[in-house]
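Q: could you look at this predicted model? Sequence included:
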Amino acid sequence: MTTNEKVARRKLSLLELAKDLQNVSKACKIMGYSRQQFYEIRRNYQTFGSDGLLDRLPGPRGPHPNRVSEEIEAAILDHSLEFPTHGPLRVSQELALKGVQVSSGGVRGVWSRHDLLTRHDRLLRLEKTVKDRKLELSDEQIKLLERFSPEFRERHIEVHHTGELVAVDTFFVGTLKGVGKVYLQTVIDCFSRYAWGRLYTSKLPITAVHVLNTDVLPFFEQHKCRLETVLSDNGREFCGRKDTHPYELFLQLEEIEHRTTRVRRPQSNGFVERLHRTLLDEHFRIQGRTKWYEAVDEMQKDLDTYLSHYNRKRPHQGRDMNGQTPFTVFKRGILKKSETKKAADSAA
């Protein structure tokens, strides 16, 4: 027997006792009720029968009289599905432009009933809806899902062969006494992790062009492979007007596509970031404590020695490397590219 049923039976006993004793006051004193409670219990029993003896919460039964209509609630849910990051005031204003009048409090009430009060909950609803049924997502919805989805943040750059994508960046190494600031222009093939690096005393477009023209492109030509795409951040040494910027003009001259990472999202160029950490831990921080450099050329000579070891002798445990050296994977990527090309030609 539930608690409500026990309370209802006790109320019924009160009514029966008062009838037997023919004395309301005495019955109330025995059962522990007041006269006001007795008359209220008797009135409910006479009106609703046995159901009137059950405790009933105050307030309206069913939907509240001030609740928004089903049509407005559907409009709010549809808008929140299309624009999950809009706040209640924004939703109210957007619906008002469509002829649907509802306050921001009404929007929050709908969200509360459907557990959509937070932006995260509304984004999860959008993601679940996409999985359950096929929807044509707008560009804004796709960007929002990509931004808040952990799976998107953990995605990797997909590279299928050598030269398909090469990442570049400028790294501040430190200050050399009598020389000034020293910068490293870094280039790394995203498929094989084969890296190039050259030190300069400034970060200018001409230095970014120099390392490509002197080190990178001759190496690709030597192995009869083409560099297809360059990935950089939005630094001034890499980006500018395509008709006047030296770096942009050089890439156009060499027929190399130029891509950039998202603004304020340097982690999307993770290949270079990882290379910089490795260079710091395994080379610069060690050499800086064991040798005294007086010129950039001396630093460059030691850097070339380390990069030769890094590319040809040092095993890598990164994704798809499996303990191989970058040079081994570089050559394998060239063969893979040629096989893919032959397969495409035969299919055509």
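A: Yep, that arrived. Nothing here was measured: the structure is a model prediction, and the numbers come from that model. Residues are numbered from 1 along each chain as shown.
Q: neighbours around the closest residue to Thr201 other than its chain neighbours, how many?
A: Excluding the flanking residues, the one nearest Thr201 by C-beta to C-beta, 6 or more residues apart in numbering is Gly180, at 5.7 Å. To be clear about C-beta, it is placed using only N, CA and C from the backbone, and glycine gets the same treatment. Residues near Gly180, counting by other C-beta atoms under 10 Å, number 10.
Q: how much space separates Gly180 from Leu199?
A: Going from Gly180 to Leu199 by C-beta to C-beta, to the nearest Å gives 12 Å.
Q: on that earlier part again, tell me what the residue nearest to Thr201 is bridged to.
A: Beta-bridge partners recorded for Gly180 (DSSP bridges): Leu176.
Q: counting neighbours, which bits of stretch 200-207 end up buried?
A: Buried residues in stretch 200-207, counting neighbours by 16 or more other C-beta atoms under 10 Å, are found at Tyr200, Lys203, Leu204, Pro205, Thr207.
Q: quick one: average pLDDT of that stretch?
A: Stretch 200-207 shows a mean pLDDT of 91.
Q: and for stretch 50-62?
A: Rounded mean pLDDT across stretch 50-62 is 71.
Q: stretch 242-256 now?
A: In this model, stretch 242-256 has an average pLDDT of 91.
Q: what is the end-to-end distance of it?
A: End-to-end distance for stretch 242-256: 13 Å, by C-alpha to C-alpha, to the nearest Å.
Q: likewise stretch 321-331?
A: Across stretch 321-331, first to last residue, C-alpha to C-alpha, it's 13 Å.
Q: buried residues, that stretch. List them.
A: The neighbour-count check on stretch 321-331 (16+ other C-beta under 10 Å) flags Gln324, Thr325, Pro326, Phe327, Thr328, Val329, Phe330 as buried.
Q: still on that earlier bit, what about the buried residues of stretch 200-207, which are in helices?
A: Pro205, Thr207 (DSSP state H).
Q: quick check: the farthest pair among the buried residues of stretch 200-207?
A: Distance extremes for the buried residues of stretch 200-207: the farthest pair is Tyr200 and Pro205 at 11.6 Å, using C-beta to C-beta.
Q: and Val230, how many neighbours?
A: For Val230, the neighbour count with other C-beta under 10 Å is 23.
Q: low-confidence stretches in the protein?
A: Low-confidence segments of the chain (pLDDT under 70): 1, 56-62, 134-135, 146-156, 263-269, 337, 339-348.
Q: let's see 80
A: Applying pLDDT under 80 to the chain flags residues 1-4, 51-52, 54-66, 130-158, 262-270, 288-290, 317-320, 336-348.
Q: ok so Thr85 is a strand residue?
A: No - checked against DSSP: H, G, I helix; E, B strand; the rest coil, Thr85 lies outside a strand; its state is coil.
Q: hmm, Val7 is touching Asp55, no?
A: Yes - using C-beta atoms under 8 Å, Val7 is in contact with Asp55, at 6.1 Å.
Q: these two - which one has more neighbours?
A: Taking other C-beta under 10 Å, Val7 and Asp55 do not tie; Val7 has more neighbours (13 against 9).
Q: distance of that one relative to Ala18?
A: From Val7 across to Ala18, the span is 17 Å (C-beta to C-beta).
Q: in space, what's closest to Leu116 - neighbours in sequence excluded?
A: Nearest residue to Leu116 in three dimensions, chain neighbours excluded: Arg122, at 5.0 Å (C-beta to C-beta, 6+ apart).
Q: now swap in Val272 and tell me
A: Asp169 (4.2 Å).
Q: for the helix or strand harbouring that neighbour, packing partners?
A: Assigned by DSSP states H and E, Asp169 belongs to strand 166-176. Judged by 3 or more C-beta pairs under 8 Å, 6 or more residues apart in numbering; DSSP states H and E, strand 166-176 is in contact with strand 180-189, strand 229-232, helix 270-279, helix 296-312.
Q: with just CA atoms, put the third one into PDB.
A: Included here for helix 270-279 are C-alpha records, laid out as PDB according to Å, rounded to 0.1, in the frame of the first residue of the first chain:
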ATOM      1  CA  GLY A 270      49.800  20.100 -35.600                       C
ATOM      2  CA  PHE A 271      52.500  18.500 -37.800                       C
ATOM      3  CA  VAL A 272      54.700  21.700 -37.500                       C
ATOM      4  CA  GLU A 273      53.800  22.200 -33.800                       C
ATOM      5  CA  ARG A 274      55.000  18.700 -33.000                       C
ATOM      6  CA  LEU A 275      58.200  19.100 -35.000                       C
ATOM      7  CA  HIS A 276      59.000  22.300 -33.100                       C
ATOM      8  CA  ARG A 277      58.600  20.600 -29.800                       C
ATOM      9  CA  THR A 278      60.900  17.800 -30.900                       C
ATOM     10  CA  LEU A 279      63.500  20.300 -32.200                       C
END
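Q: list the buried residues for it?
A: In terms of neighbour count (16+ other C-beta under 10 Å), helix 270-279 has its buried residues at Phe271, Val272, Glu273, Leu275, His276, Thr278, Leu279.
Q: go on, the last one?
A: Within helix 296-312, the residues that qualify as buried by neighbour count (16+ other C-beta under 10 Å) are Val296, Met299, Gln300, Leu303, Tyr306, Leu307, Tyr310, Asn311.
Q: tell me the spatial nearest neighbour of Glu254, not counting adjacent residues.
A: In space, Glu254 is closest to Leu217, 6.9 Å off (C-beta to C-beta, 6+ apart).
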